[in-house]
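*Asks:* I need the structure of the sequence given here:
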Amino acid sequence: MTMKAMFSLVGAAVVSFSVGCARETPLAPSGLSGDVAMAETSELTTGSTPTVTLLPDLTVSPARVAVRAGYRIMMVNKSGRNASIRSSMCSEFNMMNLPNGGFLNSSVFRPAGKTCDYSAWDDNWSAKIFKGQVVVQ
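*Replies:* Below you'll find the predicted structure:
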């Protein structure tokens, strides 16, 4: 077999594999499966890596987020100040110090069925400036 024919064969295999994989890639986060009783808040989101944003008005968006067990959330700080994220109930927020304009991923959430309340504190730990909740499914 000539080199040209071999490269053509390899190229065709790569294209076939790429197209086959691309059809399986989701384009948007999936919805909640099963009971939707948790959706009593209007800001509930799911997906492999939900993003929570700290905003300048000292709120988080969304205030309540759902994540599948084994996944993380991303915290983005657009508040105009530094913030330290902490939870007294869940260790997934350990060591999350976010500079203004920065972002960090939490640790992996486990087990399914738990709810994690978290708060963000200002630089000198004098005040809670943000509150939110993560529901682990």
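*Asks:* buried stuff in the lengthiest strand in the chain?
*Replies:* Scanning the chain for the longest strand, with DSSP state E as the assignment, gives strand 128-136. Within strand 128-136, the residues scored as buried using 16 or more other Cβ atoms under 10 Å are 129-130, 132-136. Glycine gets a C-beta too; all of them are placed from N, C-alpha and C.
*Asks:* and which of those is nearest S61?
*Replies:* G132 (9.1 Å; Cβ to Cβ).
*Asks:* which phi and psi does the nearest residue to that closest one once chain neighbours are set aside have?
*Replies:* Among residues not flanking G132 along the chain, V60 sits closest, at 4.3 Å (Cβ to Cβ, 6 or more residues apart in numbering). Main-chain torsions, V60, degrees, to the nearest 10: phi -110, psi 150.
*Asks:* Now do the longest strand of the chain: which elements does it pack against?
*Replies:* strand 60-61, strand 64-67, strand 115-121 (3 or more Cβ pairs under 8 Å, 6 or more residues apart in numbering; DSSP states H and E).
*Asks:* Adding mean neighbour count, write these out as JSON lines.
*Replies:* JSON lines is the format used below for these (neighbours: other Cβ atoms under 10 Å):
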{"stretch": "strand 60-61", "mean neighbour count": "20"}
{"stretch": "strand 64-67", "mean neighbour count": "22"}
{"stretch": "strand 115-121", "mean neighbour count": "19"}
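*Asks:* so E92 sits in a helix?
*Replies:* Yes. According to DSSP: H, G, I helix; E, B strand; the rest coil, E92 belongs to a helix.
*Asks:* For it, which residues are in contact?
*Replies:* 72, 106-109, 116, 134 (Cβ atoms under 8 Å, 6 or more residues apart in numbering).
*Asks:* and what of M75?
*Replies:* By Cβ under 8 Å, 6+ apart, the contact set of M75 is 51-54, 85, 96, 98, 103-106.
*Asks:* Kindly provide the distance from it to S84.
*Replies:* Using Cβ to Cβ, to the nearest Å, one obtains 11 Å as the distance from M75 to S84.
*Asks:* Repeat that for T53.
*Replies:* With Cβ to Cβ as the criterion, T53 and S84 are 16 Å apart.
*Asks:* same deal with S91?
*Replies:* As defined by Cβ to Cβ, S91 lies at a distance of 15 Å from S84.
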